[in-house]
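In: Here's a sequence, model it:
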Amino acid sequence: MKTVLITGANKSIGFETARQLLRQGYYVYLGCRDLKKGEHAASQLHAEGLDQVEPVEIDVDRPASIMAARETLGGKTRVLDVLINNAGIHGDMPQPPLEADINVFKQVFETNFFGVITVTQTFIDLLRQSPEPRIVNVTSGLGSLTLQNDPSWVHFLVKPACYVASKAALNAYTIVLAYDLRDTPFKVNAVDPCYTATDFNNHTGPGTVPDAAARVVKAAMLGSDGPTGQFFSDDNAPETGISPW
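Out: Numbering: from 1, shown residues only. Purely as a prediction, here's the structure:
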């Protein structure tokens, strides 16, 4: 049975991603900053008959919490097949580039960028034990530098500086990580779940949570002939599913 760790998995897209992977036969570790919320989320899945799931406390903003989660997981499994870096924040709004508080920049980067790096580096040893390891970085279409500079793009006017910069940085890290692991069985990709109605955006997005999670799941389940170092986005590239960086 394949194993997967999902950060920020007690609600919304992370939670639905867990549900869908459970239905595919994965054993899911629900990464949650608040363990009680994680336990509640796991109990919801248990009530649906999805038993191969348990919460793991992990706050991606705190290296000590990440290391503690690694020790916890190491006591449960020798192999991690999939890491889904889903936890993310948008930070206080609005975020004009000349006026946004530098502390908001730091806070958003801590979760969306530095947290991803720390989690990935901390769990890479367990991932290396998998015959087909997968890393999925949940990003945003707003992180595309190409589209952010294209006046014809539908979201061209949406430019929250802290959030956009953090996701662009995450995309860059995805590229260099995929390159570093190019001669291994790893598949490392960035996935834009697309503009989805969640708490994250006060439920203003037109997309559904199940559809968003399905995009993440698809990247998590790539076969050995699947791509690596790609930026998947149905919103930005509906024909090909591959967004420009």
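In: Relative to G75, how far out is the residue nearest the centre of the chain?
Out: For the chain, the residue sitting closest to the mean C-alpha position, by C-alpha atoms, centre = their mean, is N86 at 2.5 Å. As for N86, its distance to G75 is 23 Å (criterion: C-beta to C-beta, to the nearest Å). Using the backbone N, CA and C atoms, a C-beta is placed for each residue, glycine as well.
In: ok, V116 - how many residues close by?
Out: Neighbour count of V116, defined by other C-beta atoms under 10 Å: 27.
In: D125 too?
Out: By other C-beta under 10 Å, 12 other residues sit near D125.
In: shaky segments in this structure?
Out: Counting by pLDDT under 70, the chain has low-confidence residues at 197, 199-206.
In: Tell me where the protein has helices.
Out: Remark: helices assigned in the chain by DSSP state H are 12-23, 35-47, 63-74, 102-109, 115-127, 145-148, 161-180, 209-220.
In: Only the C-alpha atoms, please, for the fourth one, written as CSV.
Out: Listed next in CSV are the C-alpha coordinates belonging to helix 102-109 (Å, rounded to 0.1, in the frame of the first residue of the first chain):
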residue,chain,number,x,y,z
ILE,A,102,7.5,43.5,4.9
ASN,A,103,6.3,41.3,7.8
VAL,A,104,3.4,40.0,5.6
PHE,A,105,5.9,39.2,2.9
LYS,A,106,7.9,37.2,5.5
GLN,A,107,4.9,35.4,6.9
VAL,A,108,3.6,34.4,3.5
PHE,A,109,7.0,33.2,2.3
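In: residues making contact with that helix?
Out: For helix 102-109, contacts defined as C-beta atoms under 8 Å, 6 or more residues apart in numbering pick out 89-92, 95, 161-163, 165-166, 169.
In: Give me the buried entries from those residues.
Out: Listed as buried from the contacts of helix 102-109 are 89-91, 95, 161-163, 165-166, 169; burial here means 16 or more other C-beta atoms under 10 Å.
In: export the residues you listed to CSV and tack on distance to T184?
Out: Shown next, in CSV, are these (distance: C-beta to C-beta, whole Å):
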residue, distance to T184
I89, 31
H90, 33
G91, 34
Q95, 37
A161, 35
C162, 33
Y163, 31
A165, 30
S166, 27
A169, 23
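In: Tell me the one among those nearest to I124.
Out: When the buried ones among the contacts of helix 102-109 are compared for distance to I124 (C-beta to C-beta), A169 wins out at 19.2 Å.
In: I'd say the closest one and F113 touch.
Out: Yes: with contact defined as C-beta atoms under 8 Å, A169 and F113 form a contacting pair (4.8 Å).
In: ok, back up a step: which of the helices of the chain sits closest to V136?
Out: Shortest distance between V136 and the helices of the chain, using C-beta to C-beta, is found for helix 209-220: 4.7 Å.
In: Give me the buried positions along that closest one.
Out: By neighbour count on 16+ other C-beta under 10 Å, the buried set for helix 209-220 is 209, 212-213, 215-220.
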